[in-house]
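>>> just to be clear, the model below is a prediction. Sequence and coordinates:
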Amino acid sequence: MPICETQMDSHALSLFLSLADNLHFGKTSREQHVSPSALSRSIKQLEDEVGAPLFVRDNRSVRLTREGQQFREYASDVMNGWQAIRQTFKQDQLVLHGELSLYCSVTASYSFLYEILSSFRQDYPRIEMKLHTGDPAKAVERVQQGLEDLAIGARPDNLPAGVEFQSITRSALRFIGPQSPQLLNEEQLKNPGADTWQDVPLILSEEGLARTRTDRWLKHHNVKPHIYAQVSGNEAIVSMVSLGFGIGVVPQIVLDNSPLAARIRLYDIQPPLTDYDIGLFALHKRLKDPLIAAFWNRSSESRP
């Protein structure tokens, strides 16, 4: 009977190999933590399955038969293969795999996020990333609603309960206008106020931190804004400003990555708006998820 076609208990093969090494029933039973009678039954069952004696026994010695020597090679190959496949399966369980959803602006997706994703992909090739882009003002909301595992955006002045934030970079918040025409004169730049800014067309975000800080600045200077347009997304603000429709407020990082930067002028208006702290959002309770934790930790390591 071909040995390779038999289906044998790995425990029985392990007992056989131990006995083949020791050539002593008593020592083998102690090492393998089985009774001598149980060891004898296991070897007898193997011999019955193989159809040949594997050991020659007498009162003073135990030795392998010719068939036993051949079977020893087979048993060694089987057990080595068994250990190898178990180790492979064990390693597979340790390799993270699954799906992560991430929300961010278009600017973030091709600026600092590129380095984070490149590094993360090398270490975790079996994690699939689903990237959704949109208005960064909605970053916290999408995480809170469970629409995304993670999101990138600006840290609000008051971080909602249950939401964790990890800073990635900082960016100035800038007043911008078109290169042509010149929409602000020297008086408006030096003395912003209700009289000088009443007719200045503004292109502002519909919501979010930039809008909050701009509204605060306008209130501080008693300016009742003349809002030309309210838009979603900083890239849209840059586009409309470059066409000469009005004055806008966007993070410097957006200008640094904009193809329209050459058509934009920066206004040095004092006091300046408070910087943006841009980073990663996740729900605190979900940081225990191995996939989310892996990306969270990788982002921390990739911070400039």
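Thanks, I have it.
>>> ends of stretch 150-162, how far apart?
13 Å (Cα to Cα, to the nearest Å).
>>> do you have the strands of the stretch 201-304 of the chain handy? List them.
For the stretch 201-304 of the chain, the strands defined by DSSP state E, counting those that start in this stretch occupy 201-205, 226-231, 247-251, 264-267, 276-283.
>>> for Gly146, which of those strands is the nearest?
strand 276-283 (8.1 Å; Cβ to Cβ). Any C-beta I mention is one placed from the backbone N, CA and C, and that applies to glycine too.
>>> flag the shaky bits of the protein, pLDDT-wise.
1-8, 86-94, 301-304 (pLDDT under 70).
>>> what segments of it are helices?
10-22, 25-32, 36-50, 66-94, 106-110, 112-123, 139-144, 186-190, 209-220, 234-242, 252-256, 290-302 (DSSP state H).
>>> figure out which of the ones you listed is closest to Pro271.
Between those, helix 209-220 lies closest to Pro271; by Cβ to Cβ that is 8.2 Å.
>>> what does that closest one rub up against?
Residues outside helix 209-220 that contact it (Cβ atoms under 8 Å, 6 or more residues apart in numbering) are 137, 154-157, 173, 197, 202, 204-205, 224-225, 234, 249-251, 273-274, 276.
>>> what does stretch 223-239 give?
So stretch 223-239 is contacted by 105-107, 134-137, 176, 192-194, 197-206, 210, 218, 240, 245-246, 248-251, 254-255, 258, 260-261, 264 (Cβ under 8 Å, 6+ apart).
>>> for the strands of the stretch 201-304 of the chain, give me JSON lines that also has mean neighbour count and distance to Ser10.
Below are the strands of the stretch 201-304 of the chain laid out as JSON lines (neighbours: other Cβ atoms under 10 Å; distance: least, Cβ to Cβ, whole Å):
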{"stretch": "strand 201-205", "mean neighbour count": "22", "distance to Ser10": "65"}
{"stretch": "strand 226-231", "mean neighbour count": "14", "distance to Ser10": "67"}
{"stretch": "strand 247-251", "mean neighbour count": "25", "distance to Ser10": "62"}
{"stretch": "strand 264-267", "mean neighbour count": "15", "distance to Ser10": "71"}
{"stretch": "strand 276-283", "mean neighbour count": "22", "distance to Ser10": "44"}
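>>> let me have those in TSV, extended by distance to Arg72.
Shown next, in TSV, are the strands of the stretch 201-304 of the chain (distance: least, Cβ to Cβ, whole Å):
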stretch	distance to Arg72
strand 201-205	76
strand 226-231	78
strand 247-251	72
strand 264-267	80
strand 276-283	56
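>>> out of those, which gets nearest to Val95?
Going by Cβ to Cβ, the one of these nearest Val95 is strand 276-283, 21.9 Å.
>>> now the end-to-end length of stretch 277-297.
End-to-end for stretch 277-297, by Cα to Cα: 18 Å.
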